[in-house]
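> Following is a predicted model, sequence given first.
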Amino acid sequence: MISNTLQVETRKTIKKEIGKSRTRKLFPVVSIVFSLMLIYAK
């Protein structure tokens, strides 16, 4: 249940960040953060 909540919150944050800055430079950072979250969720 905790991991599901983390994923939902992360997705919301990613959408907000993409909405704020539409630069492609942000994508690598987002992917790294998301992968770290998935690792910690396990």
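Alright, I've got the coordinates.

> What number of residues are in the vicinity of Ala41?
13 (other Cβ atoms under 10 Å). Placement of C-beta: from N, CA and C, glycine included.

> Quick check: closest non-adjacent residue to Tyr40.
Leu6 (7.8 Å; Cβ to Cβ, 6 or more residues apart in numbering).

> So that neighbour versus Ser31, what's the distance?
16 Å (Cβ to Cβ, to the nearest Å).

> neighbour count winner among those two?
Leu6 (14 against 11).

> Next, find the distance separating that one from Lys12.
11 Å.

> before we move on, what about Ile39?
Counting by Cβ to Cβ - Ile39 and Lys12 are separated by 20 Å.

> How about Ala41?
Ala41 is 16 Å from Lys12, by Cβ to Cβ.

> Counting neighbours, what do you get for Phe27?
Neighbour count for Phe27, taken as other Cβ under 10 Å: 12.

> Any regions of the protein where pLDDT drops low?
Applying pLDDT under 70 to the chain flags the ranges 1-2, 21-26, 42.

> Convert the C-alpha atoms of the longest helix along it to CSV, please.
With secondary structure taken from DSSP state H, the chain has its longest helix at helix 2-20. Taking C-alpha atoms only, helix 2-20 is exported to CSV below (Å, rounded to 0.1, in the frame of the first residue of the first chain):
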residue,chain,number,x,y,z
ILE,A,2,2.9,2.3,0.8
SER,A,3,4.6,1.7,-2.5
ASN,A,4,1.3,2.5,-4.4
THR,A,5,1.0,5.8,-2.6
LEU,A,6,4.6,6.6,-3.4
GLN,A,7,4.1,5.9,-7.1
VAL,A,8,0.9,8.1,-7.2
GLU,A,9,2.6,11.0,-5.4
THR,A,10,5.7,10.7,-7.6
ARG,A,11,3.5,10.7,-10.8
LYS,A,12,1.7,13.8,-9.5
THR,A,13,5.0,15.5,-8.8
ILE,A,14,6.4,14.6,-12.2
LYS,A,15,3.3,16.0,-13.9
LYS,A,16,3.7,19.2,-12.0
GLU,A,17,7.4,19.6,-12.7
ILE,A,18,6.8,18.9,-16.4
GLY,A,19,4.0,21.4,-16.4
LYS,A,20,6.3,24.0,-14.8
